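J.: got a predicted structure here, sequence first:
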Amino acid sequence: MSVSVVVLAAGKGTRMKSNTPKVLHKISGKPMLFHILDESKKLSDDITVVLSHQFDLVKESIENNYQNINIHKQDIANFPGTGGALKGVEVSGDRVLILNGDMPLVTTASLEKLAQSTAPIAMTILELDNPSGYGRVVIEDGLAKEIVEEKDCTNEQKKIKSVNAGVYCVDRAVLEEFIPKIDNNNAQKEYYLTDIVKMAVEKGLNIEPIVVNEDEFMGVNSKVDLANAEEFMQDRIKKELMLSGVIMRNPASIYIDSRAKFIGECILENGATIEGACEIENSHIKAYSVVEDSILKDSDVGPMAHIRPKSEIIGTHIGNFVEVKKSKLNGVKAGHLSYLGDSEIDEGSNIGAGVITCNYDGKAKYKTKIGKNVFVGSDSQLVAPVTLEDNTMVASGTTVTDDVPSDALAISRVKQKVVNSFFSKFFKK
């Protein structure tokens, strides 16, 4: 059977206390809605996202990152609620998987289990030791019979530990029949998707309860939930990477973006931060270093180094307190205390301590090109645009403002002056 996915993402998310739409808050570098879309795309090519609050902003974000995602605007004024969200939604699949846009931890494996149910309606169930605050799901003979809100529960029903996780897989024909029948005859005057369970029971349709992992199906409704979800996601990311061969020192202290890729045997020391769509191959990231949206191959970085976006570091040693930005380094040594921005540095070159590429004049950025086997002495400034050709040297303390030809030495120092007996005269009592 073909499966369509509908993601409900129309809510205001007032408990987040933020101007950012709830579903665009990030988990491990990616909006939580995008985590759900990525998992959904592994199951279906017919995905619809239902939006309302800050519609244009969320729609633009989706369209900037995905193709072939259907966007439906909920008529929130006339049809509020989860049942109202599905009014007017058109899908092509025989089965419809209905997800919530604030559940970023769901996995394809769990969704597949739900989608493979042959019951007209399959609903997710959490088994909680303390179900207080949740509506209970009455289950008889292995089938869900009723969802009872806690305020309506009898004392016996309050002992039920099965609660509704809010994700469903429904025959399209069942949805097409029941969605138009949902009304808003309740205290909140909203259209509830849960009403289809009652309709199905009354019609004698089977509703299969599928128990799912609470961690995967937790909803993110506040900044506290956001932090908890981040912790779960980081734990998942790091476990998968370690099983694939990445070595981590004190994993709990490390942050890894969900978009980062690791190849070969890499080492991440304590406090390392990997942000953005990095590609790291056979490299060693030492303690408290930050790597952002860059490529590292056969290199070591840090401790306490910063590789900023759009850098490519190949076969290179980057030492402590070195900052690299939008640069390509191939076979380079930059041991300590340097800033290398908008630069290209070729193999065999050595960058001394305190070297700075002066890439910005207050209006525009300029490039520094350093060839092969170049030695740049400590505390030198390279004022871009400037080129140091192969096999050149720059003396310590030099400010380079002109290109340096091959086989040359660049030096710009004031001649040293020595005043004899000055110390004793200066401190003479």
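T.: Received it, and whenever you're ready, just let me know what you need.
J.: can you give me the helices for the stretch 301-429 of the chain?
T.: Using DSSP state H, counting those that start in this stretch, the helices of the stretch 301-429 of the chain run over residues 422-426.
J.: kindly report the same for the stretch 101-250 of the chain.
T.: Taking DSSP H, counting those that start in this stretch, the helices of the stretch 101-250 of the chain run over residues 108-115, 172-178, 195-203, 223-243.
J.: how far off centre is the second one?
T.: Pointing back at helix 172-178 there. Distance of helix 172-178 from the chain centroid (CA atoms, centre = their mean, to the nearest Å) equals 36 Å.
J.: please renumber so the chain begins at 44
T.: Done: numbering now begins at 44, and the last item shifts to helix 215-221.
J.: list of residues touching that helix?
T.: Contacting residues not belonging to helix 215-221 are listed as 47, 129, 134, 136-139, 163-164, 238-239, 242-243, 248 [CB atoms under 8 Å, 6 or more residues apart in numbering]. To be clear about C-beta, it is placed using only N, CA and C from the backbone, and glycine gets the same treatment.
J.: again, 10 Å this time
T.: Here helix 215-221 makes contact (CB atoms under 10 Å, 6 or more residues apart in numbering) with 44-47, 49, 126, 129, 132-139, 141, 162-164, 211, 213-214, 236, 238-243, 246, 248.
J.: out of the helices of the stretch 144-293 of the chain, flag the one nearest residue 320.
T.: Comparing the helices of the stretch 144-293 of the chain against residue 320 with CB to CB, the closest turns out to be helix 266-286 (13.7 Å).
J.: what helix or strand is the residue lying closest to residue 134 once chain neighbours are set aside on?
T.: Closest residue to residue 134 apart from its sequence neighbours, by CB to CB, 6 or more residues apart in numbering: residue 47 at 3.7 Å. If you go by DSSP states H and E, residue 47 is part of strand 46-51.
J.: same question for that strand, mean pLDDT?
T.: Mean pLDDT, strand 46-51: 96.
J.: helices and strands around that strand, which ones?
T.: helix 75-84, strand 90-94, strand 112-116, helix 125-128, strand 138-143, helix 151-158, strand 205-214, helix 215-221 (3 or more CB pairs under 10 Å, 6 or more residues apart in numbering; DSSP states H and E).
J.: just the angle for that strand relative to helix 75-84, thanks.
T.: Interaxial angle of strand 46-51 relative to helix 75-84 (axes from the mean of the first three to the mean of the last three CA atoms, to 10 degrees): 170 degrees.
J.: what's the angle from strand 46-51 to strand 112-116?
T.: Strand 46-51 runs at 40 degrees relative to strand 112-116, counting by the same axes, to 10 degrees.
J.: what's next to the helix or strand just after strand 46-51, contact-wise?
T.: Following strand 46-51 in sequence order, the next helix or strand is strand 69-70 (DSSP H and E). Contacting residues not belonging to strand 69-70 are listed as 63, 75-78, 147-148, 263, 269-270, 272-277, 300-301 [CB under 10 Å, 6+ apart].
J.: any idea how far residue 121 is from the residue nearest to residue 134?
T.: 24 Å (CB to CB, to the nearest Å).
J.: higher neighbour count, these two?
T.: Between residue 47 and residue 121, counting by other CB atoms under 10 Å, residue 47 is the more crowded of the two (24 against 10).
J.: residue contacts, the more buried one?
T.: By CB under 10 Å, 6+ apart, residue 47 lies in contact with 83, 86-91, 113, 132-141, 215, 218.
J.: try 6 Å this time
T.: 87, 89, 134, 135, 136, 139 (CB atoms under 6 Å, 6 or more residues apart in numbering).
J.: follow-up on the earlier one: tell me which of the helices and strands packed on strand 46-51 lies nearest to residue 188.
T.: strand 205-214 (11.0 Å).
J.: please state the offset of that closest one from the chain centre?
T.: Mean-position distance between strand 205-214 and its chain equals 27 Å (CA atoms, centre = their mean).
J.: how about stretch 461-472?
T.: From the chain centre to the centre of stretch 461-472 is a distance of 62 Å (CA atoms, centre = their mean).
J.: what is the mean pLDDT for that stretch?
T.: Averaging pLDDT along stretch 461-472 yields 88.
J.: what's the answer for stretch 371-383, then?
T.: Averaging pLDDT along stretch 371-383 gives 97.
J.: ok so, going back, report the buried members of the contacts of helix 215-221.
T.: Listed as buried from those are 46-47, 49, 126, 129, 132, 134, 136, 138-139, 141, 162-164, 211, 213-214, 236, 238-240, 242-243, 248; burial here means 16 or more other CB atoms under 10 Å.
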